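Novice: Starting from these lines, generate the structure:
(2 chains)
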Amino acid sequence: MILARLKKRFAPGPDSAGFLLDIELQSAAAVTVLFGPSGSGKTLTLDCIAGFVRAEEGRVMIGDDLLFDGPTGVHLSPQARRCGYVFQNYALFPHMTLRRNLEFACEFRPKLDRHRKVSEMLEMFRLTEVAGRRPHELSGGQKQRCSIARALLADPRVLLLDEPARGLDPTLRAELYDVLRSVRATFQTPILLVTHDLQECFELGDRMVILHDGRIVQQGAPGEIFDKPAGFGVAHLLGIYTLHEAEVTHLDPTRNVSHLQFGGFEIHGPYLPGKLKGDRVWICVRPEELRAAPLNGRPKPNQVPVKLERATLKPGAMRLHFDRNLLADVTRIEYEQNKHNKDWVVEFPSTTLRVL
Amino acid sequence: MAIDWFPLWLSLRVAALSTLAAIVVGLWIAYWLAYREFRGKEVVDALVSLPLVLPPTVLGYYLLVVLGRGSPLGQFYETVTGSPLVFTWQAAVVAALFHSLPLLIKSTRAALESLDPSYGRAARSLGIGEWRIFTRVTIPLAHRSILAAAAIAFARALGDFGVTIMIAGNIPGRTQTIAVAIYDAVESGNGALARTLVVAISGVALLILWISNRLSPRHKIG
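Specialist: Prediction:
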């Protein structure tokens, strides 16, 4: 169980804007992912938890242990907090071999025990062969595994990872995800991971916390957030939706129907609790939720006639770019058969339409 | 004419001892200035830099006041060792120490501040105490820069004139360091002696510069 209620203010300087971190993060998940754009306060949050930065107010608890408490002045040293921190640059001590790096982390253990533990870790993280090398002689993936192993050897209360996949190519990224999954399965240590990669949230996260501009804008299971972003801001941050402004023209709770006016066309969606007729709303769709087909006669309900502007290849699909800022995915075969067609229709889902 | 090499040997010995002392004291002060926030940090920083901007004779005068036979510190030294400190070769060590310490502190502090802070943070998050981090991480990572700084401090200690003459004096065969001896030789018209000592000290200085440049890390660590 991780609880971090933090408030930290940075006054604006001559060449920097002011910043306020004000969050309440609570998670009992095995892997919590802190997602947000650069400058949203993700790393600062980790630093406050690890004790490198002192928050002005708030409280940090891991399990039953109080690490920081503003009102009573509790502020444990980083040493006493025992937060395993995996840095972006791995921070392996360059003057020590890999084995020494690991041994250095657990000098509190008796010698024999230490040796056994380190050997086990080297084995588990597939580093035995390179144990005698210095960090600069290792590959990025090896350095990262060593850094995670080192953090775990100190018996941490929590494992903090700062953008672990940054700068890794796709193969190494997949390898990292495997390593983290096995860490999750083998150790009891909860993991708090910072990323601005959405894929990582879905690969690893049991719980996802979205940070923007020093505040938490939504937290929940990644799947839930994916299906129901809390608002325009979150949907925009996630960057996987296209957002279209529309107006509510009709609401019928008994038949669970709403009508939305969008670019001169009417779209039918589910009833929108809390919305009123005449409200401006955002239709929020992912390209794979829209069905595109060549225009054939008059558009049917929930279909909008559009013009094809260009197409880009996606893994497993063609993404079609239409006017009105609409994107829709079709299979490559469908596209090849109709690629000379300029006039298409895009069909919105009616019962599952996402409206913010 | 026989050249009296005593001033060179004395200077080398004085510089070596003062550099050793400067490393011990300077490393500690540099560490505090680089990594710790404390009240009066600016004051300490200014005091440390003061000897760099003060005329050496002024620094020597201060030391004479603080360490002279009439001062509490001077009397304390005299009761402990049985002889006064001023106008001995030990005083020359003190003079060289105060003359070279600021330089050592400044460059060591810069070296410590240029270390990637994530090493220290990583060690802290692993539960390793500050002293262990200092001896096992910080110093090994910065040792080349520290040695380079020590070499420059040694060279500066070797060349001190003003402070030395104020508190150690110019006693041939006892406290006459090479810088003082050169001045003395020129004053008394002994051109041959002056030239010889000048060439010798220039050679030593060049050697030290070369060593210092070899030691300076070519790549910033981290």
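
Novice: Quick check: residues of the stretch 151-300 of chain A near chain B?
Specialist: Counting by CB under 8 Å from any CB of the partner chain, the positions of the stretch 151-300 of chain A adjacent to chain B are A:151, A:153, A:154, A:156. Using the backbone N, CA and C atoms, a C-beta is placed for each residue, glycine as well.

Novice: Farthest pair within those residues?
Specialist: Distance extremes for those: the farthest pair is A:153 and A:156 at 9.0 Å, using CB to CB.

Novice: Looking at the residues of the stretch 151-300 of chain A next to chain B, which is nearest residue B:55?
Specialist: The closest of these, once distances to residue B:55 are taken by CB to CB, is residue A:154, at 53.1 Å.

Novice: what's the neighbour count on the closest one?
Specialist: 22 (other CB atoms under 10 Å in any protein chain shown).

Novice: And it, how far from residue A:44?
Specialist: As for residue A:154, its distance to residue A:44 is 23 Å (criterion: CB to CB, to the nearest Å).

Novice: can you tell me the average pLDDT over the helix or strand where residue B:180 lies?
Specialist: Residue B:180 belongs to helix B:178-187 when assigned by DSSP states H and E. For helix B:178-187, mean pLDDT is 93.

Novice: what do you get for stretch A:292-309?
Specialist: For stretch A:292-309, the per-residue pLDDT averages 86.

Novice: Likewise for stretch A:19-28?
Specialist: 92.

Novice: do stretch A:228-242 as well
Specialist: If you average the pLDDT over stretch A:228-242, you get 87.

Novice: got the contact list for it?
Specialist: The contact list for stretch A:228-242 (CB atoms under 8 Å, 6 or more residues apart in numbering or on different chains) reads A:36-37, A:198, A:210, A:212, A:217-218, A:225-226, A:243, A:282, A:284-287, A:325-327, A:354, A:356.

Novice: Between the two ends of it, how far is it?
Specialist: 14 Å (CA to CA, to the nearest Å).

Novice: Stretch A:288-304 now?
Specialist: Stretch A:288-304 has an end-to-end distance of 16 Å (criterion: CA to CA).

Novice: Pull out the buried positions in that stretch.
Specialist: A:289, A:290, A:292, A:293, A:302, A:303, A:304 (16 or more other CB atoms under 10 Å in any protein chain shown).

Novice: cool, stretch B:45-60 as well?
Specialist: So for stretch B:45-60, counting by 16+ other CB under 10 Å, buried means B:48, B:51, B:54, B:56, B:59, B:60.

Novice: Give me the contacts around that stretch.
Specialist: By CB under 8 Å, 6+ apart, stretch B:45-60 touches B:29, B:33, B:95, B:98-99, B:101-103, B:105-106, B:160-167.

Novice: ok now stretch B:184-191, how far from the chain's centre?
Specialist: 28 Å (CA atoms, centre = their mean, to the nearest Å).

Novice: and what of stretch A:61-73?
Specialist: The answer for stretch A:61-73 is 26 Å, by CA atoms, centre = their mean.

Novice: Could the C-alpha coordinates of that stretch be exported in PDB?
Specialist: This file holds the C-alpha atoms of stretch A:61-73, laid out as PDB (Å, rounded to 0.1, in the frame of the first residue of the first chain):
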ATOM      1  CA  MET A  61       3.400   6.000   3.900                       C
ATOM      2  CA  ILE A  62       4.500   2.600   2.600                       C
ATOM      3  CA  GLY A  63       2.500  -0.100   4.200                       C
ATOM      4  CA  ASP A  64       2.400   0.700   7.900                       C
ATOM      5  CA  ASP A  65       5.600   2.700   7.800                       C
ATOM      6  CA  LEU A  66       5.500   6.500   8.000                       C
ATOM      7  CA  LEU A  67       8.300   8.000   6.000                       C
ATOM      8  CA  PHE A  68       7.200  11.600   5.900                       C
ATOM      9  CA  ASP A  69       4.600  13.600   7.800                       C
ATOM     10  CA  GLY A  70       4.400  17.300   7.400                       C
ATOM     11  CA  PRO A  71       2.400  18.300  10.500                       C
ATOM     12  CA  THR A  72       4.600  16.300  13.000                       C
ATOM     13  CA  GLY A  73       7.900  17.000  11.100                       C
END
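
Novice: Run through who's touching that stretch.
Specialist: By CB under 8 Å, 6+ apart, stretch A:61-73 touches A:1-4, A:7, A:48-49, A:51, A:54-60, A:74-76, A:81, A:83, A:157-158, A:190.

Novice: All set now, cheers.
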